[in-house]
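Undergrad: missing the sequence, but the structure's below:
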């Protein structure tokens, strides 16, 4: 009956992922929030502010990448809450007193978060189509979009696992989701950055969201991309590696407490 | 097979300047129910966490089934299961799903998981609730599921950290029955509790922990003999009368409540007491019988220490 260590490591990761997947539908509040909030933002911008914003293209086409990023970013940040819940509840303790790799707990949250995010972003795309979004991306562009969004989500998922691990209470974890709702506003997500005051403009141009949004926009509706794709990969590739290492390190430390 | 399954020698643990365990010593016999009795903050949970390999002691040795908790945590983990103070069940999953998930995480194969799950649901009377999400469970059901999870892999030692704290009286009774049944199957049970009555009902051996030290150890009978079975409590309205009475009776007095506790509550003793008081023209304002509490154990032990007598009778 002895199976290899690798077999059980994969099996544990899968078991924990199944749990997180079940959570998506058992507690649909998170999923609804991850969809409802970005949809509300999108509708508000397209119908209320959009008419007043000059972007050189149909506003709905301009704004969709920003909404997608807000959606994915916010969706990822919810992971912090569920990780903290497991840490302060008894599950983490119990896993530690068993003969298995407790890090499968993290794997489960990252996978579950990714699937929830994928569902939410798909719904957002569909709603965007309904209110007039018309992308002209071909097959390769769509592959690029999926690839970049996956990179973005995975890097943020691990970042928020790390945040969830250091957070001592669920309330604090809740507060950690806040920046993800606001960071996109200080980028080219909703308005062209040239319209902002100089200092904010500089920040907006150089924060990681802007190259990502510019790249997505380029892939979706054919605006120029330039170096933005490389910047995006560099930013979020690094974030992925750093967050992953950070999570594993914090996890090991928490295990010794 | 007899002999000791848990052995703890001079275990110490502090957090900064705060000493939690101050040289703990005890042994637990295989197949017995052992109760660590103490107040909140006495060091009960810390002891369990060290034995369950969750934290390391600063010094001292703890072994379970011959394995050192510090040096061989992996082997220790295969002998034990832990049910913590807070139910570690997943609220959103059903009872059955919780068991299946933990079964897989315990590295049982799929068939074994299914078999154990249905056995445990039956044993813990959770069959009707098996398909309902744990969110809808009562406190007692949660605790039962939690313990069922810890039995998935037939451990040799089960740690139950305050298994009945927060349960209503009926669920507490049920939990006691359950723990007794488990013990009959031969597994060693290590439980912590704040309730003397609980330790009395369940444990073969009780160790009283106070300020990180074992202050008394023995069977429930031995402990009770030490502090007397039932106590007699006399209260007085008037302070002067109270002071005179406490001089006459030479017993444990509580000035704030103007009450005097007497260890021996037999009718004969009561008559003698009242006679003595009557001779001096004193009548107590009330007389109560009281079952010994954990407080009495501590007061008794510490007062004996102060008088310089050996704690171990």
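TA: It's in. Computed from a predicted structure; not experimentally measured. Numbering: from 1, shown residues only, chains lettered A, B, ... in the order given.
Undergrad: chain B contacts on chain A?
TA: Contact residues (C-beta under 8 Å from any C-beta of the partner chain) of chain A with chain B: A:1, A:3, A:8, A:11-12, A:15-16, A:18-19, A:22-23, A:26-27, A:89-91, A:93-100, A:104, A:256-257. The C-beta positions use only the backbone N, C-alpha and C, and glycine is treated the same way.
Undergrad: what about 7 Å?
TA: A:1, A:8, A:11-12, A:15, A:19, A:22-23, A:26-27, A:89-91, A:93-94, A:96-100, A:257 (C-beta under 7 Å from any C-beta of the partner chain).
Undergrad: which of those are buried? Put it as a PyMOL command.
TA: Buried members of the residues of chain A next to chain B, defined by 16 or more other C-beta atoms under 10 Å in any protein chain shown, are picked up in PyMOL with:
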select buried, chain A and resi 8+11+12+15+19+22+23+26+89+90+91+93+94+96+97+98+100
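Undergrad: distance of the residue in chain A positioned nearest to chain B from residue B:241?
TA: Taking C-beta to the nearest C-beta as the measure, chain A has residue A:90 as its residue closest to chain B, at 2.7 Å. Using C-beta to C-beta, to the nearest Å, one gets 53 Å for the distance from residue A:90 to residue B:241.
Undergrad: quick one: stretch B:67-74 to chain centroid distance?
TA: Relative to the centre of its chain, stretch B:67-74 is centred 25 Å away, using C-alpha atoms, centre = their mean, to the nearest Å.
Undergrad: can you pull out the low-pLDDT segments for the stretch 151-257 of chain A?
TA: A:256-257 (pLDDT under 70).
Undergrad: 80 instead, please
TA: A:180-181, A:254-257 (pLDDT under 80).
Undergrad: so which residues of it form helices?
TA: For the stretch 151-257 of chain A, helices defined by DSSP state H, counting those that start in this stretch occupy the ranges A:170-176, A:178-182, A:198-206, A:209-221, A:228-256.
Undergrad: pretty sure residue A:104 contacts residue A:16?
TA: Yes: with contact defined as C-beta atoms under 7 Å, residue A:104 reaches residue A:16; the gap is 4.7 Å.
Undergrad: higher neighbour count, these two?
TA: Neighbours were counted for residue A:104 and for residue A:16 using other C-beta atoms under 10 Å in any protein chain shown; residue A:16 has more, 28 against 22.
Undergrad: how close does that one get to residue A:87?
TA: Counting by C-beta to C-beta, the gap from residue A:16 to residue A:87 is 14 Å.
Undergrad: how about the contacts made by the closest residue to chain A within the stretch 51-200 of chain B?
TA: The nearest approach of the stretch 51-200 of chain B to chain A comes at residue B:88, 2.7 Å away (C-beta to the nearest C-beta). Neighbouring residues of residue B:88 by C-beta atoms under 7 Å, 6 or more residues apart in numbering or on different chains: A:89-91, A:93-94, B:146.
Undergrad: mind checking which of the residues of chain A next to chain B land in strands?
TA: The strands, defined by DSSP state E, take in nothing from these.
Undergrad: okay, and which of the residues of chain A next to chain B map to helices?
TA: If you go by DSSP state H, those have A:8, A:11-12, A:15, A:19, A:22-23, A:26, A:91, A:93-94, A:96 in helices.
Undergrad: about what we covered before: hey, which of the helices of the stretch 151-257 of chain A is tucked in deepest?
TA: Mean neighbour count (mean count of other C-beta atoms under 10 Å in any protein chain shown) peaks for helix A:209-221 among the helices of the stretch 151-257 of chain A, with a mean of 24.
Undergrad: quick one: it to helix A:198-206, angle?
TA: 60 degrees (axes from the mean of the first three to the mean of the last three C-alpha atoms, to 10 degrees).
Undergrad: show me what helix A:209-221 is packed up against.
TA: If you count contacts as 3 or more C-beta pairs under 7 Å, 6 or more residues apart in numbering or on different chains; DSSP states H and E, helix A:209-221 packs onto helix A:59-88, helix A:139-166, helix A:228-256.
Undergrad: please name the nearest non-neighbouring residue to residue 156.
TA: Here I'm looking at chain A. Closest residue to residue A:156 apart from its sequence neighbours, by C-beta to C-beta, 6 or more residues apart in numbering or on different chains: residue A:76 at 3.7 Å.
Undergrad: try chain B instead
TA: Nearest non-adjacent residue to residue B:156 (C-beta to C-beta, 6+ apart): residue B:79, at 4.7 Å.
Undergrad: just checking, the one you found touches residue B:65?
TA: Yes: between residue B:79 and residue B:65 there is a contact under C-beta under 7 Å: 4.8 Å.
Undergrad: between the contacts of residue B:88, which sits nearest residue B:45?
TA: residue A:93 (10.6 Å; C-beta to C-beta).
Undergrad: excluding sequence neighbours, find me the nearest residue to the closest one.
TA: Closest to residue A:93 by C-beta to C-beta, 6+ apart is residue B:84, at 5.4 Å.
Undergrad: look up phi and psi at that neighbour.
TA: phi -80, psi -180 (degrees, to the nearest 10).
Undergrad: what pLDDT does it get?
TA: For residue B:84, the pLDDT comes out at 81.
Undergrad: now residue A:156: how far from residue B:220?
TA: From residue A:156 across to residue B:220, the span is 56 Å (C-beta to C-beta).
Undergrad: nope, residue B:59 is what I meant
TA: From residue B:59 to residue B:220 the distance is 31 Å (C-beta to C-beta).
Undergrad: skipping its backbone neighbours, what lies nearest residue B:103 in space?
TA: residue B:113 is the one closest to residue B:103 (C-beta to C-beta, 6+ apart), at 3.5 Å.
Undergrad: who's in contact with that neighbour?
TA: By C-beta under 7 Å, 6+ apart, the neighbours of residue B:113 are B:100, B:103-104.
Undergrad: checking my notes, it in a helix, right?
TA: Yes: with DSSP: H, G, I helix; E, B strand; the rest coil as the criterion, residue B:113 is part of a helix.
Undergrad: circling back to that earlier point, neighbours around the residue nearest to residue B:156, how many?
TA: Residue B:79 has 17 nearby residues by other C-beta under 10 Å.
Undergrad: quick one, grab the pLDDT at it.
TA: With respect to pLDDT, residue B:79 has a value of 91.
Undergrad: which non-adjacent residue is nearest residue A:59?
TA: That would be residue A:50: by C-beta to C-beta, 6+ apart, it lies 3.7 Å from residue A:59.
Undergrad: so that neighbour: helix, strand or coil?
TA: Following three-state DSSP, residue A:50 is assigned to helix.
Undergrad: count of neighbours near it?
TA: Counted with other C-beta under 10 Å, residue A:50 comes out at 18.
Undergrad: and it, what pLDDT?
TA: 81.
Undergrad: do the same with residue B:310
TA: Looking at residue B:310, its pLDDT is 45.
Undergrad: just residue A:2 next, same as before
TA: 65.
Undergrad: now the angle from the helix or strand hosting residue A:36 to helix A:59-88?
TA: For residue A:36, the element it lies in under DSSP states H and E is helix A:28-44. With the same axes, to 10 degrees defining the directions, helix A:28-44 sits at 160 degrees from helix A:59-88.
Undergrad: and helix A:28-44, what does it pack onto?
TA: helix A:59-88, helix A:104-130.
Undergrad: repeat the analysis, applying 8 Å as the threshold.
TA: Applying 3 or more C-beta pairs under 8 Å, 6 or more residues apart in numbering or on different chains; DSSP states H and E, one finds that helix A:28-44 makes contact with helix A:5-26, helix A:59-88, helix A:104-130.
Undergrad: ranking the ones you listed by burial, who's on top?
TA: helix A:59-88 (a mean of 25).
Undergrad: now stretch A:162-182: how far from the chain's centre is it?
TA: On C-alpha atoms, centre = their mean, the centre of stretch A:162-182 falls 14 Å from the chain's centre.
Undergrad: whoops, I mixed them up, stretch B:80-95
TA: 20 Å.
Undergrad: how far does it stretch from one end to the other?
TA: In stretch B:80-95, first residue to last residue: 22 Å (C-alpha to C-alpha, to the nearest Å).
Undergrad: before we move on, what about stretch B:19-39?
TA: Per C-alpha to C-alpha, stretch B:19-39 runs 16 Å from first to last residue.
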